[in-house]
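A.B. asks: Here's a sequence, model it:
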Amino acid sequence: MEKKSYYKVNEYICERISNGQLKLGDKLPPEREFAKILDISRNSTREGLRILENMGVVTSQHGAGNFISADFEETIADIMSYMFILKGMDDKQITQFRYAIEWGAINIITGKVSEDDKKDLLYYLTKLEEAKTEKEAVVYDKKIHYFLIDATNNDYMKTSYLALTKIMNMYIPRLREKIIFGMKGDNALRKAHRMIVEGVIEGDLKKSIKGLNLHFEYIIKYQNL
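C.D. replies: Down below sits the predicted model:
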């Protein structure tokens, strides 16, 4: 069966990204020129570009043209969203996936963060522990967990985690606030964050993983309430 014409756009761009002829930020030929290069109609060219735009590979700037991008977060979040709905997934599976990413991140970064990063991480921890309101506590809780992922410099992990966070905000928006609220009368989560941060800074993987396990035990506890 012959491939649809607009697939030629995908093949053309994919091949040139693979061999280095196209890179992030490069401008693509105008649709008319593209159609001529691929020997397809402008409608097929436009359809192919829109598909790639929906995937996050191409971005369209009004009046400027089409450019190579790497904006995959929305696409992954959309796919996760459909998985959540159609496969009947629950927040426990979301939590398991989050744990897996954070566990991997801690294994990568423990003992390897810079002095400036250590200061930032300790600052976030202090602000979390001193927070007067749930809203303030949530801000610094997020900063600590985003730091763990960002410090890996692993784009797969960062993109997946950001997409996962969007799914959490869409389908279990009160979970983080409920957990933070529980900190008021329970020092377990406070202790967990401190163990994670100190373990990462000190290069004590056993300590940071123990803190992570304690943290997620706490999350699961509040999921079941």
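
A.B. asks: in the strand or helix carrying I94, what counts as buried?
C.D. replies: In this assignment (DSSP states H and E), I94 forms part of helix 91-109. By neighbour count on 16 or more other Cβ atoms under 10 Å, the buried set for helix 91-109 is 91, 94-95, 97-99, 101-103, 105-106, 109. Every residue, glycine included, has its C-beta placed from N, CA and C.

A.B. asks: With distance to E136 and pLDDT added, can I get those residues in a markdown table?
C.D. replies: Formatted as a markdown table, those follow (distance: Cβ to Cβ, whole Å; pLDDT from 0 to 100):
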| residue | distance to E136 | pLDDT |
| --- | --- | --- |
| D91 | 24 | 77 |
| I94 | 24 | 84 |
| T95 | 23 | 87 |
| F97 | 27 | 90 |
| R98 | 22 | 91 |
| Y99 | 25 | 94 |
| I101 | 25 | 96 |
| E102 | 22 | 97 |
| W103 | 27 | 97 |
| A105 | 24 | 97 |
| I106 | 25 | 97 |
| I109 | 25 | 97 |
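
A.B. asks: Nearest to A70 among the residues you listed?
C.D. replies: Nearest to A70 among those is I101, at 19.1 Å by Cβ to Cβ.

A.B. asks: and the helix holding I94, what does it pack onto?
C.D. replies: The helices and strands touching helix 91-109, judged by 3 or more Cβ pairs under 8 Å, 6 or more residues apart in numbering; DSSP states H and E, are helix 134-150, helix 155-171, helix 188-202, helix 205-223.

A.B. asks: now these as TSV including mean pLDDT, distance to L125 and mean neighbour count?
C.D. replies: Converted to TSV, the helices and strands packed on helix 91-109 look like this (pLDDT from 0 to 100; distance: least, Cβ to Cβ, whole Å; neighbours: other Cβ atoms under 10 Å):
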stretch	mean pLDDT	distance to L125	mean neighbour count
helix 134-150	89	7	18
helix 155-171	83	19	17
helix 188-202	92	5	20
helix 205-223	88	11	17
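
A.B. asks: wait, which of these is closest to F72?
C.D. replies: It's helix 155-171; of the helices and strands packed on helix 91-109, that one is closest to F72 (Cβ to Cβ) at 5.5 Å.

A.B. asks: I'd like the distance between the closest residue to K158 other than its chain neighbours and R42.
C.D. replies: Closest residue to K158 apart from its sequence neighbours, by Cβ to Cβ, 6 or more residues apart in numbering: I149 at 5.6 Å. Using Cβ to Cβ, to the nearest Å, I149 is found at 42 Å from R42.

A.B. asks: isn't H193 right next to I144, touching?
C.D. replies: Yes: using Cβ atoms under 8 Å, H193 is in contact with I144, at 6.2 Å.

A.B. asks: okay, and the common contacts of those two?
C.D. replies: Common neighbours of H193 and I144, counting by Cβ atoms under 8 Å, 6 or more residues apart in numbering, are 125, 128.

A.B. asks: how far away is the residue most central in space within the chain from M80?
C.D. replies: Compute the mean C-alpha point of the chain, and by Cα atoms, centre = their mean the closest residue is L162, 2.3 Å away. Here L162 is placed at a distance of 11 Å from M80 (Cβ to Cβ).

A.B. asks: And L214, by the same measure?
C.D. replies: For L214, the distance to M80 - Cβ to Cβ - is 26 Å.

A.B. asks: All good on my end, thank you.
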